[in-house]
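Q: predicted coordinates and the sequence they were generated for:
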Amino acid sequence: MTSTGQHFINGKRRSGSSEERFSVTNPATGEVLAVDTRASADDVDEAVQAARKAFTTWSRTPPAERCDAMLRWADLLQQRSDELAATESSNGGKPIKLARGFDVPGVIDNVRFFAGAARNLEGKSSGEYSPEHTSTIRREPLGVVGSIAPWNYPLQMAAWKILPAVAAGNTIVLKPAELTPLTSVMFAEAAQEAGIPDGVINIVTGSGRGAGHALISHPNIAMVSFTGSTAVGREVAKTAAGQVKRVHLELGGKAPFVVFDDADLEAAARGAVAGALINSGQDCTAATRAYVQRPHYEAFVHRVAELMTDVRLGPVDDPDTDMGSLISFRQREHVAGMVERARAGGAKVVCGGYLPDGPLARGAYYAPTLIIDAPQDSEIVQQEIFGPVLVCLPFDTDDEAIRLANDTPYGLAASAWTSNVFRAQRASREIQAGCVWINDHIPIISEMPHGGYKASGFGKDMSTYSFDEYTNIKHVMSDITGDQRKSWHNLVFTSR
């Protein structure tokens, strides 16, 4: 167990000043990894003031210098990748092979991408859009960003919040989830060691109602970025709107997985299992609703059940483990409750739907689960589960497939499986989601944006599109005539 503080304010790791304590555990074993005190409103204010002070210098630091510091940061993270992966695995209850193969390398790539992007803040080219003026576009940092990250991908979500903000010249105060702060603080420490000045990146750990509310409502926060549930996102937006802050929301998802009758059935079945079970299904882009054209339906259900049964649950530090635990027993109860209500409503559980026994019983494990015969308007189809559960339903026509895919409040991600280019183009065009994969589901890359439609939020993470969230666009218009009498003055008074 670590006794070091789980806050990082103005370049120093420390504990919070409140009297409220919290424990960080390994949800796969129940082991306590750290104990600390929560951040108080005073701690949040101290972090914001440190960020305000650092902004004066950091916002004026040449992009090349920001780039160099971020490249050194990436190198340090690479050197510490084993430690980061082990910590991310134990704190999140995720298999070590996921942390090593996805979480950590993805973050290092993100850092390197944004290091380069810092030198390429684009805008419309300067020019004479009026005969009497030259127009120039400036892209300027906002100030102090207040970000709140979730617990499902602690290190990646910290990176997605921090990197575009600081690459664009902002400073930031991040509140990670109280369940998973460990790698966020490690990430910030590495940034400081790489030469990013004190106060540019600050981490405060605490509850949403405490530190979270203090952060988003702080008068010196210029922008709020939140990733989490749609319900909480609405409250964040209300609070920010009262102070006219810029808001970026990446919220829930209920991704459809549409399998047409000309799809490669084996590829689709494997894609569905991997897409539904990655990170124990605790992924807002996870495949949760498989719609399969009727000629493939029974074979698809059978093959998915076979593959799910072969998925290996086990200790998260075992490289042979395929799926770890859920983040907490509370989350497991949520998932199990949704499955039991679906079963009571007439849905059939084809495989899974139970709590593993034996050595896994001490952790928050839940078996990979496949459900069929659930009504389209049922809770299990309409609402986010955030667990290793896939619901499978048949469809007959292409029109029906598109309609069903769009028939939830969410629109974060989706996939379509077909060998027909016209079907693929139609699906990508008509499915309402921020990302549509064709014949795959889940992969992400630093160069491409991530964000949702509808109740899945607005704004983009990753890619240069994210700079639209973290910068102000300023138009500078300069007279090029030198004339005292401008042509438009006649609209106000007659020139003589």
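A: Perfect, thanks for sending it. Numbering: from 1, shown residues only.

Q: mind checking how far Gln282 is from Thr136?
A: 46 Å (C-beta to C-beta, to the nearest Å). Heads up, the C-betas are built off the backbone N, CA and C, glycines and all.

Q: in which helix or strand does the closest residue to Leu163 other than its chain neighbours reside?
A: Among residues not flanking Leu163 along the chain, Phe114 sits closest, at 4.2 Å (C-beta to C-beta, 6 or more residues apart in numbering). Taking DSSP states H and E as the criterion, Phe114 maps to helix 104-117.

Q: send me that helix as PDB with only the CA atoms.
A: Backbone C-alpha positions of helix 104-117 (Å, rounded to 0.1, in the frame of the first residue of the first chain) are rendered in PDB as follows:
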ATOM      1  CA  VAL A 104      -0.200   2.600 -21.900                       C
ATOM      2  CA  PRO A 105       1.000   2.500 -25.500                       C
ATOM      3  CA  GLY A 106      -2.100   4.500 -26.600                       C
ATOM      4  CA  VAL A 107      -1.300   7.200 -24.100                       C
ATOM      5  CA  ILE A 108       2.300   7.500 -25.100                       C
ATOM      6  CA  ASP A 109       1.200   7.800 -28.700                       C
ATOM      7  CA  ASN A 110      -1.200  10.500 -27.700                       C
ATOM      8  CA  VAL A 111       1.500  12.500 -26.000                       C
ATOM      9  CA  ARG A 112       3.700  12.300 -29.100                       C
ATOM     10  CA  PHE A 113       0.900  13.200 -31.400                       C
ATOM     11  CA  PHE A 114      -0.100  16.300 -29.400                       C
ATOM     12  CA  ALA A 115       3.600  17.300 -29.100                       C
ATOM     13  CA  GLY A 116       3.600  17.600 -32.900                       C
ATOM     14  CA  ALA A 117       0.100  19.100 -33.000                       C
END
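
Q: and it, how far out from the chain middle?
A: 15 Å (C-alpha atoms, centre = their mean, to the nearest Å).

Q: with stretch 477-496 instead?
A: That offset, for stretch 477-496, works out to 51 Å (C-alpha atoms, centre = their mean).

Q: same deal with stretch 170-183?
A: 13 Å.

Q: mean confidence for that stretch?
A: The pLDDT scores in stretch 170-183 average 97.

Q: and the end-to-end length of it?
A: Start-to-end span of stretch 170-183 (C-alpha to C-alpha, to the nearest Å) is 21 Å.

Q: check which residues of it are buried.
A: By 16 or more other C-beta atoms under 10 Å, the buried positions in stretch 170-183 come out as 170-183.

Q: now for those residues: which two are most distant?
A: Asn170 and Leu179 (26.4 Å; C-beta to C-beta).

Q: same for the helix holding Phe114, what does it pack against?
A: helix 63-79, helix 81-92, helix 154-167 (3 or more C-beta pairs under 8 Å, 6 or more residues apart in numbering; DSSP states H and E).

Q: for the record, mean pLDDT for that helix?
A: Mean pLDDT, computed over helix 104-117, is 98.

Q: buried residues of it, list them for me.
A: 104, 106-108, 110-115, 117.

Q: give me the sheet partners of the helix or strand following it and which way each runs.
A: Later in the chain than helix 104-117, the nearest helix or strand by DSSP H and E is strand 127-130. If you go by DSSP bridges, strand 127-130 pairs up with strand 133-141 (antiparallel).

Q: now do the partner strand against helix 154-167, angle only.
A: 140 degrees (axes from the mean of the first three to the mean of the last three C-alpha atoms, to 10 degrees).

Q: mean confidence for whichever helix or strand comes after strand 133-141?
A: Where DSSP H and E defines the elements, the next helix or strand beyond strand 133-141 is strand 144-148. For strand 144-148, the mean pLDDT works out to 98.

Q: swap in stretch 425-441?
A: Mean predicted lDDT for stretch 425-441 stands at 98.

Q: show the pLDDT at the nearest residue to Glu20 once chain neighbours are set aside.
A: Leaving aside its sequence neighbours, Glu20 sits nearest to Arg38 (C-beta to C-beta, 6+ apart; 4.5 Å). Among the per-residue scores, Arg38 shows a pLDDT of 96.

Q: contacts only, for the spatially most central residue of the chain.
A: Centrality entry for the chain: nearest residue to the mean C-alpha point is Met157, 5.2 Å, by C-alpha atoms, centre = their mean. Under the criterion of C-beta atoms under 8 Å, 6 or more residues apart in numbering, the neighbours of Met157 are 149-150, 176, 227.

Q: so if I had to pick from Gln282 and Thr136, which one is more boxed in?
A: Counted by other C-beta atoms under 10 Å, Gln282 and Thr136 do not tie: Gln282 has more neighbours, with 24 against 15.

Q: rewinding a little: most packed of the helices and strands packed on helix 104-117?
A: Among these, helix 154-167 has the highest mean neighbour count (mean count of other C-beta atoms under 10 Å), at a mean of 27.

Q: past that one, which element shows up next along the chain?
A: Downstream of helix 154-167, the next assigned helix or strand under DSSP H and E is strand 171-175.

Q: which residues touch that following strand?
A: Looking at what lies outside strand 171-175 - C-beta under 8 Å, 6+ apart - the contacts are 39, 44, 47-48, 51-52, 54-55, 58-59, 143-149, 158, 161-162, 165-166, 184, 188, 199-206, 211-212, 215, 221.

Q: the strands in the stretch 151-300 of the chain, which residues?
A: Using DSSP state E, counting those that start in this stretch, the strands of the stretch 151-300 of the chain run over 171-175, 201-203, 223-227, 246-250, 255-259, 287-293.

Q: just the helices in the stretch 301-450 of the chain please.
A: 329-344, 379-382, 398-405, 421-430 (DSSP state H, counting those that start in this stretch).

Q: Lys254 is nearest to which of those?
A: Judged by C-beta to C-beta, the one of these that comes nearest to Lys254 is helix 379-382, at 7.1 Å.

Q: any chance of the strands of the stretch 151-300 of the chain in TSV, plus distance to Cys435?
A: Formatted as TSV, the strands of the stretch 151-300 of the chain follow (distance: least, C-beta to C-beta, whole Å):
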stretch	distance to Cys435
strand 171-175	24
strand 201-203	28
strand 223-227	15
strand 246-250	12
strand 255-259	9
strand 287-293	12
